[in-house]
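Undergrad: this is a predicted model, with the sequence first.
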Amino acid sequence: MVSTTVEKLSPTRAKLTITVTPDELKPSIEHAYKHIAEQVSIPGFRKGKVPPPIIDQRVGRAEVLNHAVSEGLERLYRDAANAEKLRPLGRSSRFRSTTASRSRSRPRRSDRMRSRPSSRTCAAASARS
């Protein structure tokens with residue numbers, strides 16, 4: 001459920017705080033994956049056909065969330081203003097979004113794979129000695 005709070009700053013100004021759960025942001029996240037998949041060029045995949053785990057690995061989950069929040073922000077702002085019976089005189093230029101991420105107890109698989117030396121490196125090191 002979208003949670004909205006309004007803080008009156010002056011008779012003509014108000015601060016609107018909108019809190020969105022991940023479930024409500026899910027359609028925007030799916031749209032962000034599709035949009036990013038159409039833009040990136042990753043070897044082995046056609047444009048628009050890159051699966052979400054590969055996008056997370058190559059582009060980063062933070063970028064996907066940033067795209068989803070920035071795309072959904074206008075809709076959320078408009079809905080919250082209507083729900084609070086506010087009449088915006090213009091579009092706010094002070095949008096600030098914060099996303100809470102879960103802390104990972106284990107490093108990502110891609111991070112673990114990078115930390116291991118490859119067999120070529122080991123063979124090259126033994127050939128030098």
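TA: Here it is on my side, so go on. Residues are numbered from 1 along each chain as shown.
Undergrad: only C-alpha atoms for contact and neighbour calcs from this point on.
TA: Noted.
Undergrad: where along the chain do the helices fall?
TA: Applying DSSP state H to the chain gives helices spanning 22-39, 52-58, 61-83, 109-115, 119-128.
Undergrad: could I get these as JSON lines with mean neighbour count?
TA: Shown next, in JSON lines, are those (neighbours: other CA atoms under 10 Å):
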{"stretch": "helix 22-39", "mean neighbour count": "16"}
{"stretch": "helix 52-58", "mean neighbour count": "14"}
{"stretch": "helix 61-83", "mean neighbour count": "16"}
{"stretch": "helix 109-115", "mean neighbour count": "10"}
{"stretch": "helix 119-128", "mean neighbour count": "9"}
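Undergrad: of the ones you listed, give the one that comes closest to Pro11.
TA: helix 61-83 (15.7 Å; CA to CA).
Undergrad: report the angle between that closest one and helix 22-39.
TA: 130 degrees (axes from the mean of the first three to the mean of the last three CA atoms, to 10 degrees).
Undergrad: give me the contacts around helix 61-83.
TA: 4, 16, 18, 25, 28-29, 31-33, 36, 55-56, 87-88, 97, 99 (CA atoms under 8 Å, 6 or more residues apart in numbering).
Undergrad: about what we covered before: of all the helices of the chain, which lies closest to Thr12?
TA: helix 61-83 (13.9 Å).
Undergrad: now do the closest one, average pLDDT.
TA: Mean pLDDT, helix 61-83: 87.
Undergrad: please apply the same query to stretch 7-18.
TA: Here stretch 7-18 scores 86 as its mean pLDDT.
Undergrad: start and end of that stretch, how far apart?
TA: In stretch 7-18, first residue to last residue: 12 Å (CA to CA, to the nearest Å).
Undergrad: contact partners of that stretch?
TA: Contacts for stretch 7-18 (CA under 8 Å, 6+ apart): 2-6, 76-77, 80-81.
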